[in-house]
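**Q** turn this into a structure:
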Amino acid sequence: MNPYAHVPTDDPLFGTVRIELDHEAGTLGVSGDGLPPVDIRRAPNTVPESHVPIGTRDPEHLTLLVDGAEETLRPSKGFLTRRSYRVEVVSAARECHYLLVPDSLGTSRLLRDDRLLGVFTSSGDGRVSADWEAEGEPERARDPYDASVGYGLAAAFGTGAEPMWQLTLNAALDLWP
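**A** Residues are numbered from 1 along each chain as shown. Below you'll find the model as predicted:
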């Protein structure tokens, strides 16, 4: 994994999104014109895991700031099911709940209060793309805050996961002498 990536991406709804990921330092920043800034930081002296872009999935060692306000970040440990790789955010500022959950080998869905906002793709190297759900109902409307949170989570934790049978097989093979 590259120790540092500064990757701009063009979002079809929100314009240029800048992502700065430093795996070694355990920092991630998301910014863009009209987007509230997102900062995710790994606690100092936490040994980074190479398969997690931000370096850990332990919520005790992570801090999330959106537009300067600390939000509750709860990544799951990730083990035998795709859902075990989900990442939750409880936003006190917005009084809502976000969920980034894998839905295929390479993609994850972003939901706000159980409503699909879009699908994100990231290989864990700071490059992220979003495919936004078509708006139909006012509550499905996406806004810059949603985009910042989605890009931040996808860049910090990557997207997608292998199917359950593959994860189970890999776990079993790891136990084999």
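**Q** and the helices in the chain?
**A** Under the criterion DSSP state H, the chain contains helices at 144-157, 164-175.
**Q** per-residue pLDDT of the one residue sitting closest to the centre of the chain, please?
**A** In the chain, the residue lying closest to the centroid (C-alpha atoms, centre = their mean) is residue 153, at 1.8 Å. Predicted confidence (pLDDT) for residue 153: 97.
**Q** pretty sure it contacts residue 89?
**A** Yes. Using C-beta atoms under 8 Å, residue 153 is in contact with residue 89, at 7.0 Å. Backbone N, C-alpha and C define where each C-beta goes, glycine included.
**Q** common neighbours of these two, please.
**A** The contact sets of residue 153 and residue 89 overlap at residue 98 (C-beta atoms under 8 Å, 6 or more residues apart in numbering).
**Q** now the strands for this protein?
**A** Here the chain has its strands, by DSSP state E, at 4-11, 15-22, 27-32, 35-42, 62-66, 69-75, 87-91, 96-102, 107-112, 115-122, 128-132.
**Q** so can I have TSV of those showing mean pLDDT and mean neighbour count?
**A** Listed next are these as TSV, based on pLDDT from 0 to 100; neighbours: other C-beta atoms under 10 Å:
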stretch	mean pLDDT	mean neighbour count
strand 4-11	81	14
strand 15-22	95	20
strand 27-32	96	22
strand 35-42	98	21
strand 62-66	98	20
strand 69-75	97	16
strand 87-91	97	20
strand 96-102	96	20
strand 107-112	94	22
strand 115-122	94	20
strand 128-132	94	20
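**Q** and residue 94, its phi and psi?
**A** Main-chain dihedrals, residue 94, degrees, to the nearest 10: phi -100, psi -10.
**Q** count the residues that sit near residue 95.
**A** Using other C-beta atoms under 10 Å, residue 95 has 8 neighbouring residues.
**Q** any idea how far it lies from residue 58?
**A** Taking C-beta to C-beta, to the nearest Å as the measure, residue 95 and residue 58 are separated by 26 Å.
**Q** my guess is residue 113 contacts residue 99, does it?
**A** No. At 9.0 Å, residue 113 and residue 99 do not qualify as touching, with contact defined as C-beta under 8 Å.
**Q** OK, contacts around residue 94?
**A** For residue 94, the contact set (C-beta under 8 Å, 6+ apart) comprises residue 145.
**Q** recalculate using a threshold of 6 Å.
**A** Listed by C-beta atoms under 6 Å, 6 or more residues apart in numbering, residue 94 has no contact partners.
**Q** against residue 102, how distant is residue 16?
**A** Distance, residue 16 to residue 102, using C-beta to C-beta: 26 Å.
**Q** for residue 84, give its distance to residue 129.
**A** For residue 84, the distance to residue 129 - C-beta to C-beta - is 24 Å.
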